[in-house]
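> model the structure of this input:
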Amino acid sequence: MSNLAIGIVGLPNVGKSTLFQALTHKQVNIANYPFATIDPNVGVVEVVDDRLFKLAEFSKSKKIVPAIVEFYDIAGLVKNAHTGEGLGNQFLAQIREVKLILHLVRCFKDSQIVHIEGEINPLRDIEVIISELIFKDLETVDKVYNRLVREAKTNDKQKVKDLEVVSKVKEILDNGELLINYQELINEEIIKNLQLLASKPQFFILNGKEEEVPIEVIEKIKSLNCDYLVLDLSQKVDLDLMIKKSYEYLGLISFFTTGEDETRAWTIKKGTKAKEAAGVIHSDFEKKFIRAEVINWEKLLELGSWQNAKAKGLIRSEGKDYVINDGDVIEIKHGA
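Predicted coordinates:
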């Protein structure tokens, strides 16, 4: 799975199929994205961005290529999934591969749609899913912890340090906490390599009307230091905000290239430097990078043309270590 992968998780009959079908109606032409997955359980959708269309109009572009994200429909989890209940191990392994976990929680009441637990209780459902993620992580962490206990007896400094890090993570998970609030630990190499479920950013979609969402559910999500949206998926809803928030939660930003042939949004991680960003456009651009000519998209529109911006000295010439900003319009200069 790519760095754009978002996994939709939830118990059975919470509206995952409805959400996924709505997303696939927004599917883009993936011929423009050679890295995108063609799979029946993957929806490749556009990140709506007004800046892109304004730049395309400005340049009179023949083609517009937006940024995208990939939503993966992960089959319904059940209580005790970590023990293999309901093919749980397979589903939890799929979640391990995504970069953002999007929890779909049922708040709507409908006697025709049976809840797997027999009654509607969104707070309990959130706790079930979170617990399953943590239990699965504990299985992984316990194995590593036991191995490091043995290896650290040799007084190998790296093994001792790794044991200390894993011990802290184990304690957090034992307390039933997600790891998303412990960035320093998550960034340790040994933890990054484990791809722990509780270390991934989490976002909640509460399926129902505003008045159907209990206040304790909102409080629970806030206590996890996570964000949420209330969407009534029984109605036609605008999913653009959810898609945009998911993009932001992945830690992604967009820079633009624009001209008569094409205006395109390029996706990079926050903090990406100019040379690496050039490689997103084409690997040769990174290898033969000379400089990046850069201007903010709004400033470019204000000045009326690239030539006018250049004449006024407002096109900045940046080297390989320049950190790309969201909304930069860039021209890469590279060797032959």
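
> so what's residue 61 up against?
55, 258, 259, 260, 261, 262, 263 (CB atoms under 8 Å, 6 or more residues apart in numbering). (Glycine included, C-beta is placed from N, CA and C.)

> what do you get for residue 278?
By CB under 8 Å, 6+ apart, the residues touching residue 278 are 285, 286, 289, 292, 332, 334.

> could you identify the most distant pair in the residues you listed?
Across the contacts of residue 278, no pair lies farther apart than 286 and 292, at 11.2 Å, counting by CB to CB.

> when the two are compared, which one has more neighbours?
residue 292 (25 against 18; other CB atoms under 10 Å).

> related to what we said a few turns ago, out of the contacts of residue 61, name the ones that lie in helices.
Mapping these onto helices (DSSP state H) picks out residue 55.

> report the buried residues of the helix or strand residue 64 falls within.
Assigned by DSSP states H and E, residue 64 belongs to strand 63-65. For strand 63-65, the neighbour count (16 or more other CB atoms under 10 Å) marks 64, 65 as buried.

> over to stretch 19-28?
Neighbour counts over stretch 19-28 (16+ other CB under 10 Å) mark 19, 20, 22, 23, 24, 28 as buried.

> redo the contacts of residue 278 as a markdown table? Include secondary structure.
As requested, the contacts of residue 278 are exported to a markdown table (DSSP: H, G, I helix; E, B strand; the rest coil):
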| residue | secondary structure |
| --- | --- |
| 285 | helix |
| 286 | helix |
| 289 | strand |
| 292 | strand |
| 332 | strand |
| 334 | strand |
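
> can I get the residues you listed in a markdown table with distance to residue 217?
Putting these into a markdown table (distance: CB to CB, whole Å) gives the following:
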| residue | distance to residue 217 |
| --- | --- |
| 285 | 47 |
| 286 | 46 |
| 289 | 49 |
| 292 | 46 |
| 332 | 47 |
| 334 | 52 |
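
> from those, which is closest to residue 97?
Closest approach to residue 97 among those (CB to CB): residue 286, at 25.9 Å.

> so where's the longest helix in this structure?
Longest helix in the chain, counting residues (DSSP H): helix 122-151.

> for the record, mean pLDDT for that one?
Averaging pLDDT along helix 122-151 gives 93.

> for the chain, what helix or strand is lowest in average pLDDT?
When the helices and strands of the chain are scored by mean pLDDT, DSSP states H and E, helix 88-97 comes last with a mean of 70.

> neighbour-wise, which one of the contacts of residue 61 leads?
Among the contacts of residue 61, residue 263 has the most neighbours (other CB under 10 Å), with 26 neighbours.
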